[in-house]
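Q: Got a sequence here, can you build the structure:
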Amino acid sequence: MNNPRKVRADGFVQEVVELGRKQAETSFPNPDRIGCPDNSILKAMAHRATWLAKGDLPISHVNSCSPCFREYMAHRRTLIKTRTLRFVLASMAAGLLLAICLTLLRSYLRVDDLPGVSGEPRHSPSPVLPGPLQPEPMKVTIDLGRFSATRGESPVKTRPHIALPARLIRVRLLLPVGSEPGEYTIRLVSQENVAIVTTNSVAHLEEGLTTLEVSMPLGPLPGANLTLMIRPSGLRWQSYPILVEK
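A: Sure, this is the predicted structure:
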């Protein structure tokens with residue numbers, strides 16, 4: 001909803017500008033055109049000519065000479081009308097060119113390719129059989145606050161593993177208390193220190209807990225011992241041992 005005070009203020013400013021323009025057009029008569037610059041200078045000033053140096057702009061004179069101000073404003077209005085006309089003509093030309101291209105494209109289509117026109121019998125295309133359906137990821141929630149995270153690159157082997165099923169899963173991680181929302185880097189690393197998954201995810205605060213989600217393709221890894229590594233932006237890695245169930 002518009003602020004009534006702002007609307008009134010904008011209207012007042014517009015009225016002041018219009019009043020100032022009317023005053024400049026009539027309040028400074030100069031019938032003898034004393035000190036008036038050449039009309040070409042006023043036109044160049046209205047067209048923002050780059051060759052006209054800032055010190056050469058007769059701004060003070062135009063503001064105090066109604067005839068020059070009127071000539072300057074006439075050049076500005078002519079410029080705006082010319083630019084508008086050019087834009088309209090360019091838009092019409094682009095539309096015409098597009099129509100010509102579409103007409104030429106249609107002319108290249110052979111009549112025999114259209115259904116029901118050729119005398120030859122048309123064969124129905126072979127039906128496309130659907131491929132195997134991709135399994136939906138299984139949703140799993142892991143409370144990392146139950147596990148003692150170790151800072152560094154290697155997890156402590158004596159810590160209990162997080163057991164996960166051997167399939168595609170969508171994991172919702174509940175980060176330990178004190179974890180900040182923001183971007184995290186997540187890696188799933190094999191015993192050979194090969195990164196199986198490397199991705200980024202943004203953690204959000206939900207009901208007082210910082211959570212983030214990540215997909216893990218664990219289907220081809222039954223019985224594997226992996227390491228889940230999580231790092232907040234600019235901080236150290238936290239690692240958690242993972243056991244993929246057979």
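Q: any idea which helix or strand comes after the helix or strand of the chain with the lowest mean pLDDT?
A: For the chain, counting by mean pLDDT, DSSP states H and E, strand 150-151 ranks last in confidence among helices and strands (a mean of 50). Downstream of strand 150-151, the next assigned helix or strand under DSSP states H and E is strand 162-164.
Q: packing partners for that next one?
A: Counting by 3 or more Cβ pairs under 8 Å, 6 or more residues apart in numbering; DSSP states H and E, the packing neighbours recorded for strand 162-164 are strand 238-244. For the C-beta atoms, the positions are set from N, CA and C on the backbone; glycine is no exception.
Q: Pull out the buried residues from the longest strand along the chain.
A: Criterion DSSP state E: the longest strand present in the chain is strand 195-206. By neighbour count on 16 or more other Cβ atoms under 10 Å, the buried set for strand 195-206 is 196-197, 201, 203.
Q: swap in stretch 223-234?
A: By 16+ other Cβ under 10 Å, the buried positions in stretch 223-234 come out as 224, 226-232.
Q: tell me the secondary structure for N193?
A: Recorded secondary structure, N193: coil (DSSP: H, G, I helix; E, B strand; the rest coil).
Q: Run through the bridge partners of the residue nearest the centre of the chain.
A: In the chain, the centroid-proximal residue (Cα atoms, centre = their mean) is V202; its distance is 17.9 Å. Here V202 sits in beta bridges with E183, as judged by DSSP bridges.
Q: what pLDDT, on average, does stretch 75-82 get?
A: Per-residue pLDDT values over stretch 75-82 give a mean of 87.
Q: Distance from it to the middle of the chain?
A: 35 Å (Cα atoms, centre = their mean, to the nearest Å).
Q: Show me which parts of that stretch are buried, residue by residue.
A: 75-76.
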